[in-house]
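> need a structure here:
(2 chains)
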Amino acid sequence: MTDRVTLTIDGKQVTVPAGMLVVDAAKKVAVHIPIFCYHPKLGSAAMCRQCLVEVGRPIIDHATGHPELEDGFPRIQFSAKLETACTTLVSEGMVVLTQSERARKGQKEVLEFLLTSHPLDCPICDKGGECPLQNLTMAHGPGKSRFLFDEKHHAEKQVPLGELIFLDRERCIQCGRCVRFQENVAGEPVIGFYQRGRSMDIVSFSEPGFDSVFSGNTTDICPVGALTTADFRFGARPWELMAAASICSQCAVGCNTTLNTRREARSDGQIVVKRVMPRQNEQVNELWICDKGRFAGYHYTERDDRLLKPQVRRDDKFRSVSWDAAFLQAAEKLQDAEKPVFLVSGRLSNEDLFNLLQLADGLGAETLLYTNMGGGDLTGMVGLTSGSNLADLGLGDVILVVASDLQEEAPLWWLRIKQAAERGAMLIVVNPRETKLEKHADYVVRYAYGDEIKTIQDMNKATHKIHKVFAKAANAVIFYGSEGLGLEGSSGLAGACTSLLVDTGHYARPNNGLVGVWQRANDQGAWELGFRPVKDLQVIFDKSEVVYIVGADPVGDGAVRLKKRKPFMIVQELLSTDTVGHADLVLPARAFTEREGTYTSGERRVQRFYQAVPPRGESRPDYEIVAEIAARLDTALEREPGLVMDQLAEHIPAFGGISYLKVSEVVEQWPVINRSELFYGGAVYENTQGLGMQLRPAPVTSFPVSKGKGGLRPKEGLLLAVPVNKLYDQGLTVLSAPLLRERIGELKVCMNPDEADRLGFENGARLRIGLNGNNAKALLVVDPTVPSGILLVPRSMGLPIFEAGMPVLSKVRKKVTG
Amino acid sequence: MRFGEPVLELVRGMWITFKSIFERPVTVQYPEEKRPVRPRFRGRHVLHRYENGLEKCIGCSLCSAACPSDAIFVEAAENTDEARYSPGERYASTYEINMLRCIYCGFCEDACPTEAITLGDNYELTFTDRRDAIYDKDMLIEPLPAGSDELTPQKVKPGVHTRAVPEMKNPDD
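Numbering: from 1, shown residues only, chains lettered A, B, ... in the order given. Sure, this is the predicted structure:
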């Protein structure tokens, strides 16, 4: 049997790989077979019967084994009944008729049947305007229904499946896309069918309702308005929205998104972002985004405490000043200082960072990256290189995830790694406690907190099973995180992982390398440009004269305590953070929705985001502010992001060859998603604005020997608090999303039941935790998956925790009233 | 030409003038008096209410989509039983028509699924400012029907006004 077969669809001949479905093959020749339940990422279910087509196959002469001929052409026998194109596999010589009278009649009647119980409340339905059922009814539907109107299924409207997703049971056509998505793609089967026939409902059986970080995607693929998001509820009609391509700034994955915007009376006539939609990039996020990106992706840019004007502190009060005065003061202060310090974060785009780097070079300033995770110098050397795609990993490849709860830190990586494991890639999860990824792992290695580096170093011994697996594997990728680790520990862990990859030859080629699970969108870019973190920020703040802080909140995070003698602080920010509160000069920056730029994802892909909404107040993009300050110091820097990128590509070898033109290139992707055929891929946006471009491998001469030590080890009889990362934390970007407030909740710390017994705390107890001089109240959750002697403390939840430490616990006494 | 013919013509003309002194005048004393409009006249829009005082408009924006001159702007919000503006889940929180843009084509009437908007008989549209030409919902909505004293929003019993679009009848009946 050949691997490719040739068939004819509506008179158009097409050659496709064997094993393809007729509905997908038709897509290749631009024949659009109507579908509801089939989705290219979910596979066939044959539940809706909408894709009925006439299928004919050549009659094979049994004697010769060849098709019987008639006038030199094979004789075709059409099947007696219509077949569903979403379950029929292509075969050699097949003839498919999608527009024949019989096929059209079949499609029309199925549609008539689906509409017998549809409420037709399109005018108030959020899907109206981008609804496959609406579109297919217009294209294939009957003008009249023969069914009785009073037999329609009536149900209570708007049933919340959780705080995020609403269900309208009347509108549901029971295609099961959402149920199959949760089960097969997201791997979190928290919704399912209940009852049967016309009373079949979608129900959620999790607490809280629809407890999945991918829940928003079901609203995109729902072919009717049965599932809609609470965030966009009645926000606008789809045809009124404008679309701007963007990149999600919530984690290091760099999901491609489209920001839908509209001018609103409610927002004083401003153009505002109404919703975040995924944009197809089969190399990054396929068709999906996580709920954090969808529901928290933009709200923080619209907060009331956005900085709108440059301000200076005079007599301990902020006074608004002109930009010119602000630039001049910043330039003077930076020039007068002996060695100014630039503290930047991975929230900034590559362009901002490059201009900052140029300015710092001119001034002889120290450049620091604000992060508590190290190892970016190594991911720059042995990270993923151009041509890498997690979707290419499968049988014979190995993926190792260490010290990271990927679903909480980078949900889309979790999803893609899970899929790679399902394709046959060997997945090794190395973590001190149980994480959700373990269900899909081939090997689970458990170590005690503090032994991270040693565990990986042990694996790198030639006799170790995992070393052998790595040596044999065609491709190997390691994802390392910062669970329980601070800067030094994670740097050491990155070193150990690098040794393993280098010793087994898995670097500097596509689909091989080390990936850091960073907390910010452009941490990787900052490392590539040469920004490095410093272990003790406090020392820097104590001794420096001038600190220029861009996109970081060290005071609010508790990373530094300001003393009486503090440096002159120039703070360039979006929101009024605690650091801004102590600043001497405040420069208002634009949010990523209000400007252009590029981020470098953890997979070292440079991706471009575009301006979606007009800027707020007098804010200016970071690269421009830096260029203006530089101009007052007689340094000429580019002010156009595209030109900054050209400069960047010239100066930084890893960025060689990258330009705005290159990152905006698009090639055809499979499946072919198109907003004009919504029924095929869902409401996902097609990608016409660029797939991004991966960085070159940096030339490697020698690798630093990994010497860093791991975090603290738990000691017998003592409790050790270790930091873990949560998806929904109390960072300002997440906290600003009104819908996620319930999911974020309060600070919850986890402990083993034995440990809780020993200390005399019960589940749900309110504790006061003291750690490194900071205090916070927390709710105790007793969880048997937590190793004994360990207290899990989530980062960014109110209690500053950078590394493992010894906590002091006490019960909060309830006030007796009455 | 016979003699006297011009005089005759003059007299005949004067006679018509004289006759009209005794006829009723056709002049309408606008603005004290107003001429009734034709049944299908298209004047300023009116947003209608149901008999119980609820607004017919459900904020679906279809009028705005149909409008060839982009004169209508609608923004929707959600109804609750505590504060109900219209039947169903959705109501128009903002409804504006720019009367300078409107070409009185009546497409908005055709598009409306609840017969909430009609072009009325008011043709007195004068403004001294462009801003005044934008009519908002309070200016467009019809006053309360007689016998009803409840303005919107209303506090209603739950489970009564659940359908945004009035129950459909079989068109063959």
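> list the contacts of the residue nearest to the spatial centre of chain B.
Centroid check for chain B by Cα atoms, centre = their mean gives B:Gly120 as the closest residue, at 2.5 Å. With contact set as Cβ atoms under 8 Å, 6 or more residues apart in numbering or on different chains, B:Gly120 has these partners: B:Gly43, B:Arg44, B:His45, B:Val46. All C-beta spots, glycine's among them, are computed from the backbone N, C-alpha and C.
> who's in contact with residue 117?
Since no chain was named, I'll use chain A. Shown in contact with A:Ser117 (Cβ under 8 Å, 6+ apart): A:Glu151, A:Lys152, A:His153, A:Glu170, A:Arg198.
> switch to chain B, please.
Counting by Cβ under 8 Å, 6+ apart, B:Ile117 touches B:His45, B:Val46, B:Leu47, B:His48, B:Cys57, B:Cys63, B:Cys108, B:Glu109.
> quick check, pLDDT for the first one.
It refers to B:His45. Turning to B:His45, the model gives it a pLDDT of 96.
> okay, the closest residue to A:Arg169 other than its chain neighbours and A:Gly209: tell me how far apart.
Spatial nearest neighbour of A:Arg169, excluding adjacent residues (Cβ to Cβ, 6 or more residues apart in numbering or on different chains): A:Ala155 at 4.1 Å. A:Ala155 is 17 Å from A:Gly209, where distance means Cβ to Cβ, to the nearest Å.
> those two: which is more packed in?
Remark: of A:Ala155 and A:Gly209, A:Gly209 carries more neighbours, 19 against 15, as counted by other Cβ atoms under 10 Å in any protein chain shown.
> near chain A, which residues of chain B?
Neighbours of chain A within chain B, by Cβ under 8 Å from any Cβ of the partner chain: B:58-62, B:64-65, B:73, B:75-78, B:88-90, B:93-94, B:96, B:113-114, B:162-165, B:168-171.
> what do you get if the cut-off is 6 Å, keeping everything else the same?
B:58, B:60-61, B:75-76, B:78, B:88-90, B:94, B:113, B:164-165, B:170 (Cβ under 6 Å from any Cβ of the partner chain).
> can you select the buried ones among these for me in PyMOL?
Paste this into PyMOL to select the buried members of the residues of chain B next to chain A, with burial taken from 16 or more other Cβ atoms under 10 Å in any protein chain shown:
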select buried, chain B and resi 58+60+61+75+76+78+88+89+90+113+164+165
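> so how many other residues sit close to A:Asp268?
Neighbour tally, A:Asp268, other Cβ under 10 Å: 7.
> now swap in A:Leu747 and tell me
Number of residues near A:Leu747 (other Cβ under 10 Å) recorded here: 19.
> per-residue confidence for it?
According to the prediction, A:Leu747 has pLDDT 92.
> for it, list the residues it contacts.
Shown here is A:Leu747, whose contacts under the criterion Cβ atoms under 6 Å, 6 or more residues apart in numbering or on different chains are A:Ala776, A:Ala778, A:Met797, A:Gly798.
> filter the residues you listed to the buried ones?
A:Ala776, A:Ala778, A:Met797, A:Gly798.
> which non-adjacent residue is nearest residue 130?
Defaulting to chain A. Distance criterion Cβ to Cβ, 6+ apart; nearest residue to A:Glu130, sequence neighbours excluded, is A:Pro238 at 4.2 Å.
> can you look at chain B instead?
Nearest residue to B:Arg130 in three dimensions, chain neighbours excluded: B:Leu100, at 6.6 Å (Cβ to Cβ, 6+ apart).
> tell me the SS of the one you found?
Secondary structure, DSSP: H, G, I helix; E, B strand; the rest coil: B:Leu100 is coil.
> my understanding was that it contacts B:Ala133; is that so?
Yes: in this structure, B:Leu100 is within contact of B:Ala133 by Cβ atoms under 6 Å, at 4.3 Å.
> and the two? Which one has more around it.
Set side by side, B:Leu100 and B:Ala133 show more neighbours around B:Ala133, with 17 against 13, by other Cβ under 10 Å.
> just want the residue of chain A that's nearest chain B.
Of all residues in chain A, A:Pro123 sits closest to chain B, at 3.5 Å by Cβ to the nearest Cβ.
> next up, the contacts around that residue.
Taking Cβ under 6 Å, 6+ apart, we find A:Pro123 in contact with B:Cys60, B:Pro113.
> that one: what secondary structure?
When classified by three-state DSSP, A:Pro123 comes out as helix.
> mind checking how far stretch A:720-736 is from the chain centre?
Centroid separation between stretch A:720-736 and its chain, computed with Cα atoms, centre = their mean, to the nearest Å, is 16 Å.
> what is the rounded mean pLDDT of that stretch?
Averaged over stretch A:720-736, pLDDT sits at 90.
> name the residues that touch it?
A:292, A:296, A:299-300, A:303, A:408-409, A:449, A:483-484, A:575, A:712, A:714, A:740, A:743-744, A:771, A:789-798, A:801, A:804-805, A:807.
> for chain A, which helix is longest?
Ranked by residue count and defined by DSSP state H, the top helix of chain A is helix A:487-503.
> buried ones in that helix?
The neighbour-count check on helix A:487-503 (16+ other Cβ under 10 Å) flags A:487-502 as buried.
> tell me which residues touch A:Ala326, please.
Neighbouring residues of A:Ala326 by Cβ under 6 Å, 6+ apart: A:Pro310.
> please report how far it lies from A:Arg632.
Taken as Cβ to Cβ, the span from A:Ala326 to A:Arg632 is 10 Å.
> residues contacting residue 133?
As the question left the chain open, I've gone with chain A. A:Pro223, A:Val224.
> I was thinking of chain B, sorry if that wasn't clear
Applying Cβ under 6 Å, 6+ apart, we find B:Ala133 in contact with B:Asn98, B:Met99, B:Leu100, B:Phe127.
> report the lowest-confidence entry in those residues.
Note: of these, the lowest pLDDT belongs to B:Phe127, at 92.
> so where is chain B shaky, pLDDT-wise?
Scanning chain B for pLDDT under 70 picks out B:1, B:145-149, B:168-173.
> repeat that for 80
Applying pLDDT under 80 to chain B picks out residues B:1-3, B:144-152, B:167-173.
> just want the residue of it that's nearest chain A.
B:Cys60 (3.5 Å).
> so that residue, which state does it fall into?
Recorded secondary structure, B:Cys60: coil (three-state DSSP).
> quick check: it vs A:Lys274, distance?
Counting by Cβ to Cβ, the separation of B:Cys60 from A:Lys274 is 16 Å.
> what's the closest non-adjacent residue to A:Asp201?
A:Tyr194 (4.8 Å).
> what about the one you found, how many residues close to it?
Using other Cβ under 10 Å, the number of residues around A:Tyr194 comes to 12.
> right, and it touches A:Val203 too?
Yes: in this structure, A:Tyr194 is within contact of A:Val203 by Cβ under 6 Å, at 4.4 Å.
> wait, the residue nearest to A:Glu130 touches A:Gly128, no?
No: in this structure, A:Pro238 is not within contact of A:Gly128 by Cβ under 6 Å, at 7.6 Å.
> so A:Leu115 sits in a helix?
Yes: remark: A:Leu115 belongs to a helix, assigned using three-state DSSP.
> any idea how many residues pack against the closest residue to it other than its chain neighbours?
Closest residue to A:Leu115 apart from its sequence neighbours, by Cβ to Cβ, 6+ apart: A:Ser145 at 6.1 Å. For A:Ser145, the count of nearby residues is 17 (other Cβ under 10 Å).
> contacting residues around A:Phe193?
Listed by Cβ under 6 Å, 6+ apart, the contact set of A:Phe193 reads A:Met200.
> cutoff 8 Å now
With contacts defined as Cβ under 8 Å, 6+ apart, A:Phe193 is in contact with A:Gln174, A:Gly176, A:Val179, A:Met200, A:Asp201, A:Ile202, A:Val203.
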